[in-house]
Every structure is written in C-alpha cells, then in structure tokens.
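Peer 1: model this:
(chains A, B and C)
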Amino acid sequence: MKWEFKSGIPIYLQIISLLKMKIAAGELPPGSQVQPVRELAMEAGVNPNTMQRALTQLEQEGLLYTQRTSGRFVTEDKQVLKEMRKSLSEQYVKDLFEALSKIGMNREEIIEAVSSFESTDEKEA
Amino acid sequence: MLGKLLGYEMKAYGRIMVPIYIALIALSVVLGIGFHFLPDAMTHNFIFILLFILYILLLVSVVVMTTILGVNRYYGNLLGREGYFMFSLPTRTSTMMTAKTLAALIWTAFGAIAGFASILLTSLIAFNDDSFREIADAITEVLPQLKPYLGNIIVWVIVIVVGVVTLIVRVYAAVSIGSQWSGHRMIGSILVYIGFKVIETIIASIVRAITPLRTAIENIVGNADSASFKPAILALVIILVQLAIYWVIAWFFTDRKLNLE
Amino acid sequence: MAVVVCNNLTKRYGKKTALQNVNLNLEPGRIIGLAGPNGSGKTTMIKLMQRMLVPTEGQVLIQGKEPGPETKAVVAYLPDRDFLPDWMKVSALFGLYQSYYADFDRAAAERMIASLGIDQNQTFKKLSKGTREKVQLILTMSRKAQVYLLDEPIAGVDPAARDYIIRTIISNYNPEAMVLISTHLIADIEAVLDEVIFLKEGRIVLHENADDLRTKVSMSVDEYFREVFRC
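Peer 2: Purely as a prediction, here's the structure:
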C-alpha cells in the first residue's frame, strides 16, 4: 500500500486510514512491531509530528499498544480488529451506494447487483 | 575563531602561492648553476634565455597573484557567493576582516621574502667565489655603523608594514562600496578605488595650500637630523589615520550594508 | 517559548519595500513552510535571521538574541545557491564544518556521503550540480542546530532528488529544533509541514497549522496557495 495523500483532508487522518488498511490487509499483522515514528515518517514522506499524532490516535482506539521498552505493536485483540474491519467496510459500502445512486440505481437494485456479482478471480477458478 | 579563520586564509593562499614559490626557487637554482658554468649563456644559449624569461615571469606572477588573491579573498570569498558561508560562521565581521588583512600582509611578506631569496640564491650559486665573500664582509662591516639609527630603522619598517596594511584595507573599502552596485561590482570597485586616490590627492593639496600646516610639516621633515624619529612618526600618524578611516568604511559597507550577489 | 520572533520586521532597499511589518512567533519542534512567489520576501526574511541584512525597522530575535555570532552557532542555514569554497575536497569541507560548528556531527555526515557513493576525496567543484546540492544539504542537516533555515531546497530538482532531500530533512533534523523551509512550490513539501506561512509582497497573509488549514478550506495547502496567489 503506497503512501499517497489526497487534498483537503488532514494528513494525520489520511495516515490513520492508511495504517488501518495496512492492518486489515495483513501488511501489519496482529502482534507485529510498528516502525519507529521517524522511520515511518521518512517512509511516508510526512512530518514526524503528524505521524506521531496519527499513531497516538490509533493507540487511543486500541489498535496499537506501546510497551515501554520495546516499542509499539499492533493489537492482537480480535474484537478490536473485527470492529476496525467493520468500520472500514462501512466506509466502502457507503462509497459504493453513493456512486451507484448517482448512476440511478435504487437500494434493491444495488443489493441485487452485489449479491449476483462474481469477481474475476472466481470466474477464472 | 581568529586563528581558525586565519588558518583557512593561509590555506586558500597557499594552494596557489606555494607552487609558484617552489617553481621560482627551483628555477633560481637552475639559473644560478647555468650562470656559474656558462657565464656567456645569456648571449647565445636560446634555452637559457627562455628560462630567464620564465624566471622574470614567475617573479612578476608572485606580485600579480598575491595582489589578485588579496583582492579576491575579500571581493570573491566575503562579498561573493562564498559570503553565504562566511557570514554564517559564528563570528563577527571585524574578526573576518582582521583575518583577511593579516593573511594578505603575511603573504605580501612571503612574496617579498621569496623574491629576495630567489635572487640571493641565484647570485650565491652563480658567483660562488671570493667576490661573494667580499660582499658579505662589506655588509658585516657596515652593520655596526648603522647601530645609532636602529630605532629609526625599526620605526620606518613599522611605517612600511602599516602602509601595506593601509593599502590592503583601502582595497577592501573600495570593493565593499563597489559591491553595492549589483551587476557592476567589478567596475564599481575600481571606480571607488580611483575615487579614494583622487580624494587623498585633493586632501594632500589642501594641506599643502594651508600655510601654517605646510610650515609645521616642513619644520618636522626639513629640520630633523638623520637620527630624529619625527619624520617617521609623522608618516606613521598620517598612515594610521588613513587606515582607521578605510577600516570603518570597509566595516560599515561589509557589515551594515552587506549586498551578497 | 518561541525560538524565532519577528517584531514589526521591515526591510526596505531604497524606496522598494521587501518586507513590511512582519510579526511572527516560530515555535521549536515544528517544520514550517515559508511559501510565496518569487520576490515575495522569503530570502530577505531568512537573510535578516542570519544578519546578512540589517532590518530597516523592527527586529528579529533568535532565542531572544539579535542575530550575531551566538545565534549563528545554533542556526544551520542552507542558501538557495552553491555557497561553499569549491576548491576544497569534500573531506576538507567536513573538516571546515567540524572546526567552525561545535554541533556538527561529522560521523553522520560521512555516513550519508558514503550511502550516496560520493568520494570524499573529490574536489567540490568537480561534482555534478545535483551532487553538490546534496553535499550542501548533508552538511547543513548534520548540524544538531536549534534553527534550520532552508532556502528553496527543492527548487529545480527532479522527483527522486526531491524525495531524497525531504527524507534527509525528516530523518536528520534535531526534533527540538525549528525548521523553516522556503518554497514557491508548496505541493512538493506539503506533507512534511506542521505550519505554513504565506508571504505576499512582503507581508504575511496567513500563518496557520497545516492540518487545520486543510480542514478549514477543504483543500490541500497547495490548492489554497494557488488560489491565494492566483495571477
């Protein structure tokens, strides 16, 4: 997942969602150690203060935890991870509904389209 | 900090001047040996004549390069592109000016010594016989007779040294004013230098035109006996006044009116 | 406690006003963008902080002191042009910085030079333009300074060099220090800024936290910059 930032949204919020995506996608597996702030900031090309702010918020949400001596880790709490996935998926579903309503589909039609959808991977299989 | 700055200046001059000195001394030895074994070489040996011309060119280049470096260590290093580095150093403008002035003075002295040493070396090798011993003997004989004038000689040496310093600082004052004229720094500096000389001449004429002053000076210079300190002291005072004025001008335009390119 | 303070700072060249009544408090620990088109007074402001110019009115204070030898010892300045004695070898330049600046971390500078594969025995003049710029940046950022003044560090460089410069700044600046980066291309450095200052014709038209500004105007700082400075 690449560090790319969109305009008009505070960068720390964008970092938070990017890090959540990395956790959800397994790029940062449960229990794994997160890089130090400065390194992470360098990789993302952002201000270390901004990165710090994003990590602090993720800690408050319980997705990360700090061990005083050894650094910052991704939570292994299944419940927290499940909720994070749920909230991420809600955002995607919301985007989907918005996009499809714009092209004139109603709720039933959208649900119909989703349930009859076969991904290209499945077709090939 | 002054020591560090001076060390840096010495290196900046040294990388250009030391090779010239080495070439000069080497050529002096070659010429000395040539003169010694081929006293008539100057008249018919083409290579020898070529070497002699090269030697003269090297002597000239000692003077020319010392002058160019002296100007450029201020004009280029302090007021040019490298000024962004120099003025970021944790030091005062006056400290940098002192380091530059000292370096210019030291390398002027080195230049004079190198030139004198090379001529002496050539003569030593060329006339390595009794005639040289005679000259040496004559000098040792004359020296004790100069003893009563020793104090006076020292003062005159000081006058010469301060005179060289004043010359250097006058150049600094000229380039620091000339550099105010963005885009025409070089020509501006030259014009200001000429302006300084014109003003000096005018002031000197005015002083001569004022009769009481003129008489006072004539009394000091004219009536003094050969052992008197008065003329030397008068010269020293005049030069020191010039030095102070040029120093203040150079400092003001370098520090308060800095205009880096 | 602000590390750099400007009080009614004004600079005029003859009749031309380069900087007009600038009041600023810049806090340590922040990376601040000084943005404005060419000729808006960015370089004048930075030069005033280094006492390469003397204010016409008002004052600038660094750690409570007027710029001078004491402040220069804690300010690392990167001008917008080649500024080093170019006849020296890279290793000699390290020696120069080491002898003049107590806060220079030579080992760090040598590591960075080595990681770029630059030969320390090369004369500065003989390096390519891009390499010279990198060496100058490395020398500047290898000081553990209290204030970094970076004048247009990314103007006219290719994207790879830009990324290198940004990474070098982020990974080397002293976290207790204030970093001021001037630019007329804010998009390139937007993501590293804590705060932005917009300078227009010698006056400050905006000084705000970058993320707050994005929320407020619902656009990137760069987009907003383009709107404010539209020709």
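Peer 1: List the buried residues in the host helix or strand of B:Phe52.
Peer 2: Element membership for B:Phe52 (DSSP states H and E) is helix B:46-75. Buried residues in helix B:46-75, counting neighbours by 16 or more other C-beta atoms under 10 Å in any protein chain shown, are found at B:48, B:51-52, B:55, B:58-59, B:61-62, B:65-67, B:69-71, B:73-75. All C-beta spots, glycine's among them, are computed from the backbone N, C-alpha and C.
Peer 1: the strands in chain A, which residues?
Peer 2: A:33-34, A:64-67, A:71-74 (DSSP state E).
Peer 1: ok, which of the buried residues of helix B:46-75 also contact chain A?
Peer 2: Contacts with chain A are made by none of the buried residues of helix B:46-75, judged by C-beta under 8 Å from any C-beta of the partner chain.
Peer 1: three-state assignment of C:Ile197?
Peer 2: strand (DSSP: H, G, I helix; E, B strand; the rest coil).
Peer 1: hang on, it packs against C:Ile204?
Peer 2: Yes: counting by C-beta atoms under 8 Å, C:Ile204 is a contact partner of C:Ile197 at 6.1 Å.
Peer 1: Find residues that contact each of the two.
Peer 2: C:Leu24 (C-beta atoms under 8 Å, 6 or more residues apart in numbering or on different chains).
Peer 1: what about stretch C:72-91, how long is it end to end?
Peer 2: 23 Å (C-alpha to C-alpha, to the nearest Å).
Peer 1: Distance from it to the middle of the chain?
Peer 2: 13 Å (C-alpha atoms, centre = their mean, to the nearest Å).
Peer 1: Could I get the strands of chain A in JSON lines, plus columns for mean neighbour count?
Peer 2: Output for those, formatted as JSON lines (neighbours: other C-beta atoms under 10 Å in any protein chain shown):
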{"stretch": "strand A:33-34", "mean neighbour count": "16"}
{"stretch": "strand A:64-67", "mean neighbour count": "14"}
{"stretch": "strand A:71-74", "mean neighbour count": "16"}
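Peer 1: Turn those into TSV, columns for mean pLDDT and distance to chain C.
Peer 2: Formatted as TSV, those follow (pLDDT from 0 to 100; distance: least, C-beta to the nearest C-beta, whole Å):
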stretch	mean pLDDT	distance to chain C
strand A:33-34	90	17
strand A:64-67	88	18
strand A:71-74	88	17
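Peer 1: What segments of chain B are helices?
Peer 2: Listed in chain order, the helices of chain B (DSSP state H) span residues B:2-37, B:41-44, B:46-75, B:83-86, B:93-126, B:130-146, B:150-178, B:185-209, B:211-223, B:230-251.
Peer 1: hang on, C:Asp86 is in a strand, isn't it?
Peer 2: No: using three-state DSSP, the secondary structure at C:Asp86 is coil, not a strand.
Peer 1: ok, now which ones touch it?
Peer 2: C:Thr123, C:Phe124, C:Lys125, C:Arg132.
Peer 1: do the same with C:Asn209
Peer 2: C:Asp194, C:Glu195.
Peer 1: rewinding a little: quick one: list the elements packing against the helix holding B:Phe52.
Peer 2: helix B:2-37, helix B:41-44, helix B:93-126, helix B:150-178 (3 or more C-beta pairs under 8 Å, 6 or more residues apart in numbering or on different chains; DSSP states H and E).
Peer 1: which one of the ones you listed has the lowest average pLDDT?
Peer 2: Note on the helices and strands packed on helix B:46-75: lowest mean pLDDT is at helix B:41-44, with a mean of 67.
Peer 1: Point out the residues in chain C that sit beside chain A.
Peer 2: C:29-31, C:163, C:166-167, C:170-171, C:175, C:190-194, C:210-212, C:214-215, C:217-220, C:222-223.
Peer 1: Selection in PyMOL covering whichever of those are buried, please.
Peer 2: To isolate the buried members of these in PyMOL, using 16+ other C-beta under 10 Å:
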select buried, chain C and resi 30+31+166+170+190+191+192+193+194+210+211+214+217+219+220+222+223
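Peer 1: and the contacts of C:Asp86, which are buried?
Peer 2: C:Phe124, C:Arg132.
Peer 1: show me which of the contacts of C:Asp86 neighbour chain B.
Peer 2: Okay, of the contacts of C:Asp86, nothing touches chain B (C-beta under 8 Å from any C-beta).
Peer 1: Now go through the contacts of C:Asp86 and say which are in helices.
Peer 2: C:Arg132.
Peer 1: Would you point out the helix or strand in chain A whose mean pLDDT is lowest?
Peer 2: helix A:120-124 (a mean of 56; mean pLDDT, DSSP states H and E).
Peer 1: Need phi/psi at the residue positioned nearest the centre of chain C.
Peer 2: For chain C, the residue nearest the mean C-alpha position is C:Leu150 (1.5 Å; C-alpha atoms, centre = their mean). Dihedral pair for C:Leu150: phi -110, psi 110, per degrees, to the nearest 10.
Peer 1: Close to chain C: what parts of the stretch 1-150 of chain B are there?
Peer 2: B:1, B:4, B:8, B:12, B:15, B:77, B:81-85, B:87-92.
Peer 1: Please apply the same query to chain A.
Peer 2: A:5-12, A:38-39, A:41-42, A:44-50.
Peer 1: Filter those residues down to the buried ones.
Peer 2: A:5, A:9-12, A:38, A:41-42, A:44-50.
Peer 1: just to revisit the earlier point, ok, what's across the strand from the residue nearest to the centre of chain C?
Peer 2: Beta-bridge pairing for C:Leu150 (DSSP bridges): C:Leu78, C:Ile181.
Peer 1: Contacts only, for it.
Peer 2: C:Leu150 sits in contact with C:Leu78, C:Thr140, C:Ile169, C:Val179, C:Leu180, C:Ile181, C:Ser182, where contact means C-beta under 8 Å, 6+ apart.
Peer 1: could you redo the last one with a cut-off of 7 Å?
Peer 2: C:Leu78, C:Val179, C:Leu180, C:Ile181 (C-beta atoms under 7 Å, 6 or more residues apart in numbering or on different chains).
Peer 1: and the residue of the stretch 1-150 of chain B nearest chain A?
Peer 2: B:Ser88 (25.4 Å; C-beta to the nearest C-beta).
Peer 1: what about that residue, neighbour count?
Peer 2: 22 (other C-beta atoms under 10 Å in any protein chain shown).
Peer 1: Under the pLDDT cut-off, which ranges of chain C? List them.
Peer 2: In the predicted model, chain C carries pLDDT under 70 at residues C:231.
Peer 1: Pick out the residue of it closest to chain A.
Peer 2: C:Ser220 (3.2 Å).
Peer 1: Domains in chain A, by residue range?
Peer 2: A:11-75, A:79-124 (automatic domain parsing).
Peer 1: For C:Val5, name its beta-bridge partners.
Peer 2: C:Asn25, C:Leu61.
Peer 1: That one contacts C:Leu61, doesn't it?
Peer 2: Yes: here C:Val5 reaches C:Leu61: they are 4.6 Å apart, a contact under C-beta atoms under 7 Å.
Peer 1: Kind regards, and thank you for your time.
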